[in-house]
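Colleague: Attaching a predicted model along with its sequence, questions to come.
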Amino acid sequence: MEDSPIRAIQILKREDRLWGRLIEAYHMNEILTPIEAGLYLNVHARTIYRLAKKGMVPARKVGGHWRFSKAALDKWLLEDSAQRQDCDKPCEPLPKAR
């Protein structure tokens, strides 16, 4: 029974390493589902679907399911921001989530 606190510490350290790996794998994920893309862009998943169907956001259908590249979304946001700054007239706003 003397080693039970030591064993508990070893288990906690192991769990911390596992959680660290899980978080790292999540952050390395370059391909997003519509729900993940919505969370990433802070809009509703329906908005992501609508933008993808209209071709307004970079997306691909893979096996009948929409997928989004995190890098392509970042590039799209930066390009869209630059275009908005170059407008002489008022630019159209991005679609809002319902």
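Modeller: All right, it came through fine.
Colleague: Name the strands paired with the strand ranked longest in the chain and say parallel or antiparallel.
Modeller: The strand that spans the most residues within the chain, counting by DSSP state E, is strand 65-69. Each strand that pairs with strand 65-69, with its direction, by DSSP bridges: strand 31-32 (antiparallel), strand 60-62 (antiparallel).
Colleague: what does it contact?
Modeller: The set of residues external to strand 65-69 that reach it, using C-beta atoms under 8 Å, 6 or more residues apart in numbering, is 30-34, 36-37, 48-49, 52, 57-61. No exception for glycine: its C-beta is placed from N, CA and C like everyone else's.
Colleague: go again using 7 Å as the cut-off
Modeller: Identification of contacts with strand 65-69 by C-beta atoms under 7 Å, 6 or more residues apart in numbering yields E30, I31, L32, T33, P34, A37, Y49, A52, P58, A59, R60.
Colleague: now those in CSV, with neighbour count, secondary structure and pLDDT?
Modeller: Output for the contacts of strand 65-69, formatted as CSV (neighbours: other C-beta atoms under 10 Å; DSSP: H, G, I helix; E, B strand; the rest coil; pLDDT from 0 to 100):
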residue, neighbour count, secondary structure, pLDDT
E30, 10, coil, 83
I31, 14, strand, 85
L32, 21, strand, 89
T33, 15, coil, 90
P34, 20, helix, 93
A37, 26, helix, 90
Y49, 17, helix, 94
A52, 19, helix, 95
P58, 16, coil, 93
A59, 22, coil, 93
R60, 12, strand, 92
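Colleague: For W19, see how far away the closest residue in space to T33 that isn't next to it in sequence is.
Modeller: Closest residue to T33 apart from its sequence neighbours, by C-beta to C-beta, 6 or more residues apart in numbering: R67 at 6.9 Å. When C-beta to C-beta, to the nearest Å is applied, the distance between R67 and W19 equals 26 Å.
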